[in-house]
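[1] Predicted coordinates and the sequence they were generated for:
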Amino acid sequence: MMSTTMSISPTGVPSSAQPPLSSQPPPPTKSLPLRTIPGSHGWPLLGPISDRLDYFWFQGPETFFRKRIEKHKSTVFRTNVPPTFPFFSNVNPNVVAVLDTKSFAHLFDMEIVEKRNVLVGDYMPSLKFTGDIRVCAYLDTDEPKHAKLKNFAMNILKRSSKTWVSEVLANLDTMWDTIETTITESGSASYIVPLQQFIFKFLTKSLVGADPSSSPEIAKSGFVMLDRWLALQLLPTVKIGVLQPLEEIFLHSWAYPFLLVSGDYKKLYQFVEKEGKEILSVGQTEYGLTSEESIHNLLFVLGFNAFGGFSVFLPSLLSALLSDTTGLQEKLRKEVREKGGSTLSIDSVKDMELVQSVVYETLRLNPPVPLQYGRARKDFQLSSHDSVFDIKKGELLCGYQALAMRDPKVFDEPESFKPDRFVGEKGSELLSYLYWSNGPQTGSPSESNKQCAAKDYVVLTAALIVAYLFSRYDSITGASGSITAVKRAK
């Protein structure tokens, strides 16, 4: 990691080298004017449906929020966000949008917001998707079970540090050998399926301590099972981009039943139960969890947090490398070969400032989880850069972080991909505004917050992947999810 922000513990796990900057927003500045929150939720039923059509169909998520910023001359306003099931459920789409770095930061202050059942807003998939158990991601920090489950997750990651790097590198060998063979045979190779197979295998071995090859069906189709399980939970909230109005009618109008993936989930559950006995024992003996609680939470960490997050983020990272025309590959190759040594390691990767910066910049522009939510725990005052707003207890805050992390008051040329944005002392200061992990990059995950337990592992893994590519190849060519040519290093 960047030496100004990160160090490596004796176990190989990234850790903070200095006290993290506070993730809590500063108190409202007295000089800022108090302003009524602009915008409205519209007429019952009609307002939410109109906003849903704009969000999914007529404008798309980013334009949806941008137009309302322009209309209200404010980065804080009232609106509705999907899903909207007016005839099928009691989901309330009313939110207060917070879209600049200062207002967005309130979402990390556990004294003023709660996170109970708001992972994807007021909508919550059926508990049957997680064995009728509310897993850690849906718990508020005030709930007693949260501390046990968050510490269990962090323990899993700590244990995985023994094999994490070796599993990443070994499975990258397999992935890129496969891609090279396909290019030789067909002239190009899609990297989407090999990438998901790589993600699934190294995560399963690292987190569960189980080799998928012990079950031929899991080895072949485990990643597809997780894809289907994730898709059915999130379809009502995600723009797919298929032919409208079919997408609105068939994909966004109701929640999907667990029954459609119950067979997949049962097989994954049985695999973890059989092959992950060591880590399940830790959950029971060290944290007082039942076997069922341990398995369902482990599956959620594996499938939703880790596999799902990497499956969204890593294609964005590869796309950034493939589409660059500024000589970035040459600069990365030079840094990797100067600092990588004969064998890539945590110590060598942490010194690669440009590699780290490319990872951070990709996370800034394309965060794997675009929306963050928090419900007001009490009445409080929320501040943006130019105004203060009264928030009432129970109101739901919604942050679209792809815009919050393009705040022009913080980031120079915020819409541009600048590979070296986070290099050097000035660049490291910007890490306190990098919010992709449900907290600032300078923060530390703990039982008392909701920051992603694997925050540092994500950055480390992505940096290892970039370093691996430019230690193996002189250049990589491709676009739109496929590789057309690779030039092996001499």
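    Looks like it came in fine. What you are looking at is a predicted structure, and each value in this text was computed from that prediction instead of being measured. Numbers count the residues shown, from 1 in each chain.
[2] Point out where the chain drops to low pLDDT.
    Applying pLDDT under 70 to the chain flags residues 1-30, 88.
[3] what residues does the longest helix out of those in it touch?
    When the chain is parsed with DSSP state H, its longest helix is helix 164-186. Applying CB atoms under 8 Å, 6 or more residues apart in numbering, the contact partners of helix 164-186 are 12, 188-189, 191, 194-195, 197-198, 201-202, 205-206, 344-346, 457, 461, 464-465, 468, 472, 483-486. From N, CA and C alone the C-beta is placed, and that goes for glycine too.
[4] and what of stretch 203-218?
    Contact with stretch 203-218 is made by 156-157, 159-160, 163-164, 167, 200-201, 219, 222, 225, 267-268, 271-272, 275-276, 278-279, 298, 301-302, 306-307, 310, as judged by CB under 8 Å, 6+ apart.
[5] Go through the longest helix of the chain and flag the buried ones.
    Across helix 164-186, burial judged by 16 or more other CB atoms under 10 Å covers 164-165, 167-169, 171-172, 175-176, 178-180, 182-183.
[6] And stretch 468-488, by the same measure?
    Within stretch 468-488, the residues scored as buried using 16+ other CB under 10 Å are 468-473, 476, 478, 482-483, 486.
[7] Geometric centre of the chain: which residue is closest?
    Note on the chain: the residue nearest the mean C-alpha position is Pro368, at 3.7 Å, using CA atoms, centre = their mean.
[8] Using the three-state scheme, assign that one.
    Of the three states, Pro368 takes coil under DSSP: H, G, I helix; E, B strand; the rest coil.
[9] Now for it: which residues touch it?
    For Pro368, the contact set (CB under 8 Å, 6+ apart) comprises 308-310, 312-313, 436.
[10] And the buried ones among these, selectable in ChimeraX?
    Buried subset of the contacts of Pro368, written as a ChimeraX selection, criterion 16+ other CB under 10 Å:
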select :308,309,310,313,436
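[11] what secondary structure does the residue nearest to Ser262 when sequence neighbours are not counted sit in?
    Closest residue to Ser262 apart from its sequence neighbours, by CB to CB, 6 or more residues apart in numbering: Lys128 at 7.7 Å. Applying three-state DSSP to Lys128 yields a three-state assignment of helix.
[12] Export the buried residues of stretch 468-488 to a markdown table and append columns for distance to Leu328 and secondary structure.
    Listed next are the buried residues of stretch 468-488 as a markdown table, based on distance: CB to CB, whole Å; DSSP: H, G, I helix; E, B strand; the rest coil:
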| residue | distance to Leu328 | secondary structure |
| --- | --- | --- |
| Tyr468 | 16 | helix |
| Leu469 | 12 | helix |
| Phe470 | 10 | helix |
| Ser471 | 16 | helix |
| Arg472 | 17 | helix |
| Tyr473 | 14 | strand |
| Ile476 | 11 | strand |
| Gly478 | 14 | strand |
| Ser482 | 19 | strand |
| Ile483 | 17 | strand |
| Val486 | 16 | strand |
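[13] and of these, the nearest to Ser50?
    Ser482 (38.5 Å; CB to CB).
[14] if we can go back for a sec, can you add distance to Gln356 and secondary structure and give the contacts of Pro368 back as CSV?
    Listed next are the contacts of Pro368 as CSV, based on distance: CB to CB, whole Å; three-state DSSP:
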residue, distance to Gln356, secondary structure
Gly308, 23, helix
Gly309, 18, helix
Phe310, 17, helix
Val312, 20, helix
Phe313, 15, helix
Trp436, 14, strand
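[15] quick one, helices of the stretch 201-350 of the chain?
    216-234, 246-250, 262-275, 277-287, 291-300, 309-323, 328-339, 346-349 (DSSP state H, counting those that start in this stretch).
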